[in-house]
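# using only what follows, build the 3D model:
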Amino acid sequence: MKIQNFDDLEDFSASTVLVLGYFDGLHRGHQALFAEARKIAAVLNLKIAVLTFPEKAVLTFKRFEPDMLLKLTSDRKREQLFADNGVDFLFYKSLTSAFAKNTSREFVENYCEKLNPQVIVTGFDYTTGSDMVNLESSENIRVVHVPEVDEGGEKISSSRIRDLIEKGNMTEANQLLGYEYESTGIVVHGFARGRELGYPTANLVIKDYIHLPAIGVYTVDVMRHGKRMRGFASIGYNDTFGGKEKTIEVNIFDFEEEIYGENLTVLWLARIRGMVKFNGVDALVAQMKQDEEVARSWE
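Numbering: from 1, shown residues only. As a prediction, the model looks like this:
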């Protein structure tokens, strides 16, 4: 997959199926657009291109709040998902105030047409331009609107998935995503309490602006150097020890190496329980043993 800033585009000769949208999380609803694009591309011998924004549109149109920066995937993961869904060309265009003044017609003429689309694929509710209209087919370009994808009688959407993650419901969130939600962080030194309790942990600092699951203990898999390992992780404040800062601590089963400074990717599989302030270390260790049993047996 070739990745390029749209403003740096010079000569582009490929004929394409152009897919439009922001695609936060690139969940199963989004994946339906790319499934349709792949079908069309195969029949018409076209390449698949995406024109999207590097950041959420809300940053341009509303008063800033820090949560606006949070996404469902890192930029790296988002690009991986585009590639996995068959995209040949990924173009980024910053959604500036000047760009937002384009009408839908100007958007097509000044941007879309430069990518030589024979077909444009959008979601059923996709609107564009300062006039906020749905694109319609023209003499030269056919527009395909893909219907919504439902699960449990409700539309699969990025906002629905964000809500599930923030409640800690990773099982349902992963079902709607179509893959396992992940966070990548660097291993740093902590208080080393886990080692003293018989459960050494990797303390992670997440560098990406992504949503984190609710406070609690989770069954996780950890990716390191391409190897997938089971463990459990806690997100919380170490209430038993009077902690004040939120931490992410991961115990990787049957693993004893020192890995400070390394990057680990945590796949959040299922919530085991919420956080509890225990009366003492013995009660905490007993609970951690139960958490380990749950995590090891999860399938």
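# okay, now the unreliable bits of the chain?
Residues of the chain meeting the criterion pLDDT under 70: 191-198, 238-245.
# mind running it again at 80?
Where the chain drops to pLDDT under 80, the residues are 190-199, 237-246, 277-282.
# tell me, what residue is most central in it?
Centroid-nearest residue in the chain: Thr73, 2.4 Å away (criterion: C-alpha atoms, centre = their mean).
# need the three-state assignment for Glu292.
What DSSP: H, G, I helix; E, B strand; the rest coil gives for Glu292 is helix.
# element containing the residue nearest to the centre of the chain?
Assigned by DSSP states H and E, Thr73 falls within no helix or strand.
# show me the contacts for Asp291.
Neighbour list for Asp291: 217, 232, 272-273 [criterion: C-beta atoms under 8 Å, 6 or more residues apart in numbering]. Where C-beta positions appear, they are placed from N, C-alpha and C, glycine not excepted.
# will you turn those into a markdown table that also has secondary structure?
Shown next, in a markdown table, are the contacts of Asp291 (three-state DSSP):
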| residue | secondary structure |
| --- | --- |
| Val217 | strand |
| Phe232 | strand |
| Ile272 | strand |
| Arg273 | strand |
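# identify all contacting residues around stretch 30-48.
The contact list for stretch 30-48, computed with C-beta under 8 Å, 6+ apart, reads 14-17, 19, 21, 23, 85-89, 118-119, 121-123, 144, 146, 149, 178.
# meant to ask about stretch 106-114
Applying C-beta under 8 Å, 6+ apart, the contact partners of stretch 106-114 are 6, 9, 12, 18, 20, 51, 93, 102, 120, 128-129, 135, 138, 141.
# just the buried residues of those.
Buried members of the contacts of stretch 106-114, counted by 16 or more other C-beta atoms under 10 Å: 6, 18, 20, 51, 93, 102, 120, 128-129, 135, 141.
# among those residues, which one sits closest to Val188?
Distance ranking of the buried ones among the contacts of stretch 106-114 against Val188, using C-beta to C-beta, places Lys93 first at 36.1 Å.
# separation between the residue nearest to that closest one when sequence neighbours are not counted and Pro117?
In space, and not counting its chain neighbours, Lys93 is closest to Phe6: 4.1 Å by C-beta to C-beta, 6 or more residues apart in numbering. Relative to Pro117, Phe6 is positioned 14 Å away (C-beta to C-beta, to the nearest Å).
# before we move on, what about Ala37?
11 Å.
# repeat for Glu10
Taken as C-beta to C-beta, the span from Glu10 to Pro117 is 18 Å.
# look at these two and report which has more neighbours.
Pro117 (23 against 5; other C-beta atoms under 10 Å).
# quick check: domain ranges of this structure?
2-158, 180-297 (automatic domain parsing).
# now render those domains as JSON lines, adding distance to Met170.
Formatted as JSON lines, the domains of the chain follow (distance: least, C-beta to C-beta, whole Å):
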{"stretch": "domain 2-158", "distance to Met170": "13"}
{"stretch": "domain 180-297", "distance to Met170": "5"}
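# for Lys167, which of those is the nearest?
domain 180-297 (5.6 Å).
# endpoints of the closest one, how far apart?
With C-alpha to C-alpha, to the nearest Å as the measure, domain 180-297 spans 18 Å from end to end.
# can you pull out the strands in the protein?
Ranges of strands in the chain, per DSSP state E, are 2-5, 16-20, 47-52, 89-92, 117-123, 142-146, 150-151, 154-155, 182-188, 202-206, 216-224, 227-236, 247-252, 263-273.
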